[in-house]
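**Q** Build the 3D model from these lines:
(one chain, ligands or ions: 1)
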Amino acid sequence: VTVKPLLPAGPVLPHHAGALVSSRDSGWPRPRQAVATPPLPDILGCQLALGAALVNVQIPLLLGQLVEIVAKYTRDHAGSFLTESRSLSTHLLLLYGLQGLLTFGYLVLLSRIGERMAVDLRRALFCNLLRQDIEFFDAKKTGQLVSRLTTDVQEFKSSFKLVISQGLRSCTQVAGCLVSLSMLSTRLTLLLMVATPALMGVGTLMGSALRKLSRQCQEQVAKATGVADEALGNVRTVRAFAMEQREEERYGAELEGSRCKAEELGRGIALFQGLSNIAFNCMVLGTLFVGGSLVAGQQLTGGDLMSFLVASQTVQRSMANLSILFGQVVRGLSAGARVFEYMTLSPGIPLSGGCSLPREHLRGSITFHNVSFSYPCRPSFPVLRDFSLTLPPGKIVALVGQSGGGKTTVASLLERFYDPTAGVVTLDGQDLRTLDPSWLRSQVIGFISQEPVLFGTTIMENIRFGKVDASDEEVYAAAREANAHEFITSFPEGYNTIVGERGATLSGGQKQRLAIARALIKQPAVLILDEATSALDSESERVVQEALDRASAGRTVLVIAHRLSTVRAAHRIVVMAHGRVCEVGTHEELLKKGGLYSELIRRQALDTPPPEAAQVLGHRHSKS
Ligand SMILES: Nc1ncnc2c1ncn2[C@@H]1O[C@H](COP(=O)(O)OP(=O)(O)OP(=O)(O)O)[C@@H](O)[C@H]1O
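**A** Numbers count the residues shown, from 1 in each chain. Model (predicted):
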């Protein structure tokens, strides 16, 4: 027995801008440990943003001084305007240049930091999601998980970027300009401090109503997209039922709903813009009016009034930015919380770690000892009760019983998708819980289900999914064993044929044979066939069954079957009812016994079309 250390059960956290290191354990890249101190680009980005804001505070003051010189020449017409204004203009030009450079610098850095952070978050989240227990996926919708990977990370990244680019800049500008303003004129500043928050309050109220409307608008668009997605994704069903017209109408109705909402939002934004233009212009007029009377009373110079106007505009713009930013930050934080909620989840069954048995000593004997089990999402509904079963090495055991009786659940426990609530499952006498799950799944057990899922890549890659490092020769051998080589080579692109999304360009029988090749390439000691031929027509079934019979030789095989005609050859047939084993024997023994199995056979014969029924019944009569 070789023992691998258990992977740390803790969450996978992203390294902020970090590269990933490959983990041999899982085959998935895992992020390096999170670093405690912020990396250099973050600090530099903040410093540049701060610098740009401080330069912005300086500019109104210099503009005021320039206006003073202009006013002086308008009054006196003496001396050289160019000479007097040269140094100030050069200073301003330099500040403009510096401000542009700093803005360029911090935006580049910010974009770099933000994008890398988003990639790190997505990778770490995806990595952690793939590690979760199957029960986690039972309870969650795929769309919800994908949305955390896309929309939520995007929202979190945007608000992070906004906090630094706008938040830091706006706060610095508000603080700096308020100091400048109070130095220019205390009375005007007090007036501004009363008027601005009042206007901001009204603006914030209107803004939150608009945001609510915008959310409703997005939800309506998402609804319309959902309808289109469903119709396009299930186009075959839509075509088969000639429901194109109805789907068009459904989509049209949702689109109409989103148009109404979007127009309402447009009207709201227009009103907001119109009112805020009036408010800002009134503020300018008010400042000019009060400031002008101060200038007339020689309490303020014309240049100072100009500085005040520019600086007060900067304060108003910055405060407006901050109020928008607030809503964005709240949304970003809740998106971040949703992302981190899944990133800090730890699976109950680790992906890898534990013992593995050397291949030469592996016999493939499986035993369920008094296993009881309920699905975690339905804990009060027992699926298996005191269930005991032995799969002898190299033998075929068939599991039959009523639909919903728990047959697939037995296979899921064997794959260790779940752990039993009570009792033990063993492989060659070793409790499955002590064995390395990734070794068990990738090297011991081959699973072939009723509806095989293929990936939208080449046939070669799909078969190699069973053994990542398999050579081309191994792939060909597995395909031959699965009766698939012939049809694959008949395609113009052969093994490089792209199978389409979920294998849509292949027939059911072809998909199933690729799934068999994919399972066989790992040379599993134990094979689970869960209703593997039930979705096929009789000709495909014959070809697939032939491949399965060949694959079953010398392996421990668990066949789960509805159609009892497919399990007659099994070394042992186990009949399940109410989560327990109620009969065990060969086909003949069970027929002789006249219990549940013979009842199932009788019922199936009645349901089966005449020729097959005759065959089943004929077989039954000849044996009994
Ligand atoms: N992921 C799940 N979460 C909760 N309950 C489940 C889950 N999968 C199956 N069940 C329930 O467990 C019971 C056994 O299901 P299972 O799929 O094992 O039956 P089965 O014998 O394989 O049925 P069939 O022959 O129809 O495929 C059923 O009542 C089913 O509703």
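**Q** tell me which residues of stretch 331-339 are tucked away?
**A** Residues of stretch 331-339 classed as buried by neighbour count (16 or more other Cβ atoms under 10 Å): 331, 332, 335, 336, 338, 339. Backbone N, C-alpha and C define where each C-beta goes, glycine included.
**Q** again but with stretch 258-269, I slipped
**A** The neighbour-count criterion (16+ other Cβ under 10 Å) identifies 258, 261, 262, 265, 268 as the buried residues of stretch 258-269.
**Q** Go through the residues you listed and name the one nearest the ligand.
**A** Out of those, the one with the shortest distance to the ligand is residue 258. That distance is 35.1 Å, counting by Cβ to the nearest ligand atom.
**Q** Now name the helix or strand holding that closest one.
**A** If you go by DSSP states H and E, residue 258 is part of helix 244-296.
**Q** And for residue 82?
**A** Assigned by DSSP H and E, residue 82 belongs to helix 81-130.
**Q** do the helix or strand that that helix is followed by and the ligand meet?
**A** In the C-terminal direction, the helix or strand that comes right after helix 81-130 (DSSP H and E) is helix 134-139. Yes - applying Cβ under 6 Å from any ligand atom, one finds helix 134-139 touching the ligand at residue 138.
**Q** and the residue in the stretch 501-624 of the chain positioned nearest to the ligand, how many neighbours?
**A** Taking Cβ to the nearest ligand atom as the measure, the point where the stretch 501-624 of the chain comes nearest the ligand is residue 562, at 5.8 Å. Per other Cβ atoms under 10 Å, the neighbour tally for residue 562 reads 16.
**Q** For the protein, give me the ranges with low pLDDT.
**A** Applying pLDDT under 70 to the predicted model, the residue ranges of the chain that meet it are 1-42, 77, 533-540, 605-624.
**Q** The residue of it most remote from its centre: what secondary structure?
**A** Most distant from the centre of the chain: residue 78, at 71.7 Å, with distances by Cα atoms, centre = their mean. The three-state assignment at residue 78 reads coil, by DSSP: H, G, I helix; E, B strand; the rest coil.
**Q** Renumber starting at 870 from here on
**A** Noted, 870 is the first residue going forward, which turns the last one into residue 947.
**Q** List, one by one, the residues from the protein near the ligand.
**A** For the chain, the residues found near the ligand under the criterion Cβ under 6 Å from any ligand atom are 1007, 1244, 1246-1247, 1252, 1272-1278, 1431.
**Q** Show me which pair in those residues is furthest apart.
**A** Taking Cβ to Cβ as the measure, the residues of the chain next to the ligand span a maximum distance of 24.7 Å, between 1246 and 1431.
**Q** and the helix or strand encompassing residue 1180, what does it pack onto?
**A** Element membership for residue 1180, per DSSP H and E: helix 1171-1212. Packing contacts for helix 1171-1212, counted by 3 or more Cβ pairs under 8 Å, 6 or more residues apart in numbering; DSSP states H and E, involve helix 909-945, helix 950-999, helix 1022-1031, helix 1038-1053, helix 1055-1102, helix 1113-1165.
**Q** The ones you listed into TSV, with extra columns for distance to residue 1377?
**A** Compiled in TSV, the helices and strands packed on helix 1171-1212 are given as follows (distance: least, Cβ to Cβ, whole Å):
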stretch	distance to residue 1377
helix 909-945	53
helix 950-999	28
helix 1022-1031	37
helix 1038-1053	60
helix 1055-1102	19
helix 1113-1165	25
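**Q** Of all these, which one comes closest to residue 1324?
**A** Ranking the helices and strands packed on helix 1171-1212 by their distance to residue 1324 (criterion: Cβ to Cβ) puts helix 950-999 first, at 14.3 Å.
**Q** now that closest one against helix 1171-1212, angle please.
**A** Helix 950-999 runs at 10 degrees relative to helix 1171-1212, counting by axes from the mean of the first three to the mean of the last three Cα atoms, to 10 degrees.
**Q** Distance-wise, check residue 1180 relative to residue 928.
**A** 9 Å (Cβ to Cβ, to the nearest Å).
**Q** which one of the two has more residues nearby?
**A** Higher neighbour count among residue 1180 and residue 928: residue 1180, with 28 against 17, using other Cβ under 10 Å.
**Q** Nearest residue to the more buried one in space, please, no chain neighbours.
**A** Taking Cβ to Cβ, 6 or more residues apart in numbering as the measure, residue 1180 lies nearest to residue 929, with 4.0 Å between them; neighbours along the chain are not counted.
**Q** buried sites along stretch 1097-1115?
**A** Within stretch 1097-1115, the residues scored as buried using 16+ other Cβ under 10 Å are 1100, 1107.
**Q** and that stretch, how far from the chain's centre?
**A** The chain centre lies 26 Å from the centre of stretch 1097-1115; the measure is Cα atoms, centre = their mean, to the nearest Å.
**Q** now the end-to-end length of that stretch.
**A** 12 Å (Cα to Cα, to the nearest Å).
**Q** Could you say which helix or strand holds the spatially most central residue of the chain?
**A** What sits nearest the mean C-alpha location of the chain, by Cα atoms, centre = their mean, is residue 1015, with 2.9 Å. Under the assignment given by DSSP H and E, the secondary-structure element containing residue 1015 is helix 1011-1016.
**Q** Convert that helix to CSV, retaining C-alpha atoms only.
**A** These are the backbone C-alpha positions of helix 1011-1016, laid out as CSV (Å, rounded to 0.1, in the frame of the first residue of the first chain):
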residue,chain,number,x,y,z
THR,A,1011,-24.7,25.6,-13.1
GLY,A,1012,-25.8,29.0,-14.3
GLN,A,1013,-25.4,30.3,-10.7
LEU,A,1014,-21.9,28.9,-10.5
VAL,A,1015,-20.9,30.3,-13.9
SER,A,1016,-22.3,33.7,-13.0
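**Q** And the contacts of that helix?
**A** Outside of helix 1011-1016, the residues that reach it under the criterion Cβ atoms under 8 Å, 6 or more residues apart in numbering are 998, 1211.
**Q** Quick check: buried residues in that helix?
**A** Buried residues in helix 1011-1016 (16+ other Cβ under 10 Å): 1014, 1016.
**Q** What helices and strands are in contact with the helix holding residue 951?
**A** Where contact means 3+ Cβ pairs under 8 Å, 6+ apart, helix 950-999 is packed against strand 898-900, helix 909-945, helix 1022-1031, helix 1171-1212.
**Q** go again using 10 Å as the cut-off
**A** In terms of contact count using 3 or more Cβ pairs under 10 Å, 6 or more residues apart in numbering; DSSP states H and E, helix 950-999 is assigned the packing partners strand 889-891, strand 898-900, helix 909-945, helix 1011-1016, helix 1022-1031, helix 1171-1212.
**Q** tally of neighbours for residue 1036?
**A** Other residues lying near residue 1036 total 21 when counted by other Cβ under 10 Å.
**Q** Quick check: it vs the ligand, distance?
**A** Counting by Cβ to the nearest ligand atom, to the nearest Å, the separation of residue 1036 from the ligand is 45 Å.
**Q** That residue - nearest residue in space that isn't next to it in sequence?
**A** Using Cβ to Cβ, 6+ apart and skipping the chain neighbours, the partner closest in space to residue 1036 is residue 1194 (5.4 Å).
**Q** Could you give me the buried positions within stretch 1331-1348?
**A** Within stretch 1331-1348, the residues that qualify as buried are 1331-1336, 1339, 1343-1348, counting by 16+ other Cβ under 10 Å.
**Q** Now render those residues as TSV, adding secondary structure.
**A** What follows is these, written out as TSV (three-state DSSP):
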residue	secondary structure
1331	helix
1332	helix
1333	helix
1334	coil
1335	coil
1336	coil
1339	coil
1343	helix
1344	helix
1345	helix
1346	helix
1347	helix
1348	helix
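**Q** re the thing from before, specify which member of the buried residues of stretch 1127-1138 is nearest to residue 1265.
**A** Sorting the buried residues of stretch 1127-1138 by distance to residue 1265 puts residue 1127 at the head of the list, at 56.7 Å, by Cβ to Cβ.
**Q** so what's the closest one closest to, chain neighbours aside?
**A** With sequence-adjacent residues excluded and distances taken as Cβ to Cβ, 6+ apart, residue 1127 is closest to residue 1089, at 4.1 Å.
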